[in-house]
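Participant: Okay, predicted coordinates and the sequence, questions at the end:
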Amino acid sequence: MPHRQTGVRAAGAALAATAALLVAGLSGSASAGTAPSDTAPTAAESLRTDAAPPALLRAMERDLGLDRRQAERRLANEAEAGATAGRLRAALGGDFAGAWVRGAESGTLTVATIDAADVAMIEAEGAVAKVVRHSLADLDAAKARLDRAAAARGEAAADAPVRYVDVRTNTVTVRALRPSAARALLDAAGVGAGLARVERTSERPRPLYDLRGGEAYYINNSGRCSIGFPVTKGTQQGFATAGHCGRTGASTSGANRVAQGTFQGSVFPGRDMAWVAVNSSWTATPYVSGAGGQNVQVTGSTQAPVGASVCRSGSTTGWHCGTVQQHNTSVTYPEGTISGVTRTTVCAEPGDSGGSYISGSQAQGVTSGGSGDCRSGGTTFFQPINPLLQNYGLTLKTTGGGGPEEPPPGGGTWAAGTVYQAGDTVTYAGATYRCLQGHQAHQGWEPPNVPALWQRV
């Protein structure tokens, strides 16, 4: 069983020793090597959970069975849980086996480890510890073998269309119409029964586009999809959306049928990402259109943890909410396999494709596909926004930051507009920091200012 170096264990002990009570039983602490500060913002403050508009909260109440105060507390708890999980992931190193929240208000954070010696450290942070057999790295590696096997098998993999790492069961899960199809795929990938779990399903996910009229945007004056998130690339304005909505060079018009823009890049299958550059008649804003046309603020793109609430805006069905089930999911559509998407319990229907997924005020991704509908319920998948931004060199339009970009004082490698993943390191003002949660950096989120996102090392 792998173990970390003594220095890492000591850092974890220092992290646990400074734990402080936060929202509704979740705990957090100052980063290892960083003294606590009365003025340091909480994770909820950094991620602006207070910016959640009434329309989003009402959708959470309707779809998650909450009242208003529960919805507000849930968003705050999920922000704190993400920061705590990020710190523990850094401290546990190769022992880390995933984290998730549960409860109506996401008041319980569970962190899994393969080493029982880590339990005290996890519990000192206010989280529930779970000792499991497989590390997250091992599960991710097994899923990567499954994806390669699915790609090699082509249409033969269509009866086992969904694959993901399920941190709550510590397995690689294959959802299949026929168990024999799942077993054949597992055998082809060399993934043993101890790592895998097979779930029977009747789902045949498909991309969510159609030719029905309505708002949002149209592709080549025919198919309709939904705008994801407004973005910029230098001085060019545009929006992110799903790759299956249109190919590079396809033209778009708005919901008002006014000429709008052109697809600059599109990937599908493999991934499901695209972006459209708009003409001078259109302006990118830091908002998602909510229920009744209300503006929903976008203040960043910090990834929500497993179990967190997430809401979707689409041009067919409007606002609906649910929870994050698994990250790093692979799904086989009739057109091919896409990987790296997130599986959710949010419903969607044709025409919602490309639309926005948001958790609180944090952009999560763009609608890809799914099964079911918003009358009987369903499962959907979204393409995470941060890899999309990184792939095309885009900057998410947010209400945060502002003013001209300036280099870090004393030099450094941190830069606004860069997409950072958990574990990345940067320098800023002569100090080194480790990223705790994936996000796109913007002004106001400099490492010393957001301990929820960065840990000084």
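Facilitator: All right, it came through fine.
Participant: next structured bit after the lengthiest strand in the chain?
Facilitator: Longest strand of the chain, by residue count under DSSP state E: strand 318-333. The helix or strand immediately downstream of strand 318-333 is strand 336-344, counting by DSSP states H and E.
Participant: for that next one, which positions count as buried?
Facilitator: Within strand 336-344, the residues scored as buried using 16 or more other CB atoms under 10 Å are 337, 338, 339, 340, 341, 342, 343, 344. To be clear about C-beta, it is placed using only N, CA and C from the backbone, and glycine gets the same treatment.
Participant: so what strands line up beside the longest strand of the chain?
Facilitator: Its sheet considered, strand 318-333 pairs with strand 162-166 (antiparallel), strand 309-314 (antiparallel), strand 336-344 (antiparallel) by DSSP bridges.
Participant: neighbouring contacts of the second one?
Facilitator: Looking back up the chat, that one is strand 309-314. For strand 309-314, the surrounding residues in contact (CB atoms under 8 Å, 6 or more residues apart in numbering) are 56, 59-60, 63-64, 71, 74-75, 78, 106, 216, 226, 288-290, 296, 304, 319-324, 344, 346, 348-349, 351-353, 355-359, 364, 367, 380, 382.
Participant: repeat for the longest one
Facilitator: Residues outside strand 336-344 that contact it (CB under 8 Å, 6+ apart): 147, 150-151, 157, 162, 164, 268-272, 310, 312, 322-331, 357, 364-365, 368, 379-384, 387.
Participant: need the buried residues of strand 336-344 in TSV with pLDDT, can you?
Facilitator: Below are those laid out as TSV (pLDDT from 0 to 100):
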residue	pLDDT
337	93
338	95
339	96
340	97
341	98
342	98
343	98
344	98
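Participant: Do you have the strands of the stretch 51-200 of the chain handy? List them.
Facilitator: Residue ranges of the strands in the stretch 51-200 of the chain, as given by DSSP state E, counting those that start in this stretch, are 96-102, 108-113, 128-131, 162-166, 171-176, 196-200.
Participant: returning to that earlier point: just the buried members of the contacts of strand 336-344?
Facilitator: Taking 16+ other CB under 10 Å as the criterion, what is buried in those is 147, 150-151, 157, 162, 164, 268-269, 271-272, 310, 312, 322-331, 357, 364-365, 368, 379-384, 387.
Participant: rewinding a little: ok, which of the strands paired with strand 318-333 comes nearest residue 242?
Facilitator: Evaluated over the strands paired with strand 318-333, closeness to residue 242 peaks at strand 336-344, with 9.9 Å, by CB to CB.
Participant: got the CA positions of that closest one in CSV?
Facilitator: Extracted in CSV, the C-alpha atoms of strand 336-344 (Å, rounded to 0.1, in the frame of the first residue of the first chain):
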residue,chain,number,x,y,z
GLY,A,336,-19.8,8.0,-31.0
THR,A,337,-18.2,8.1,-27.5
ILE,A,338,-17.5,11.2,-25.5
SER,A,339,-15.3,11.2,-22.3
GLY,A,340,-14.7,13.6,-19.4
VAL,A,341,-18.4,14.6,-19.0
THR,A,342,-20.2,14.9,-15.7
ARG,A,343,-23.3,12.8,-15.0
THR,A,344,-26.3,14.5,-13.2
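Participant: If you tally nearby residues, what's the number for residue 258?
Facilitator: 10 (other CB atoms under 10 Å).
Participant: For it, which non-adjacent residue is spatially closest?
Facilitator: Once flanking residues are discounted, residue 258 sits nearest to residue 281: 6.5 Å by CB to CB, 6 or more residues apart in numbering.
Participant: in the longest helix that the chain contains, what's buried?
Facilitator: Ranked by residue count, the top helix of the chain under DSSP state H comes out as helix 68-92. The neighbour-count check on helix 68-92 (16+ other CB under 10 Å) flags 70-92 as buried.
Participant: quick one: that helix to strand 318-333, angle?
Facilitator: Angle of helix 68-92 versus strand 318-333, following axes from the mean of the first three to the mean of the last three CA atoms, to 10 degrees, is 40 degrees.
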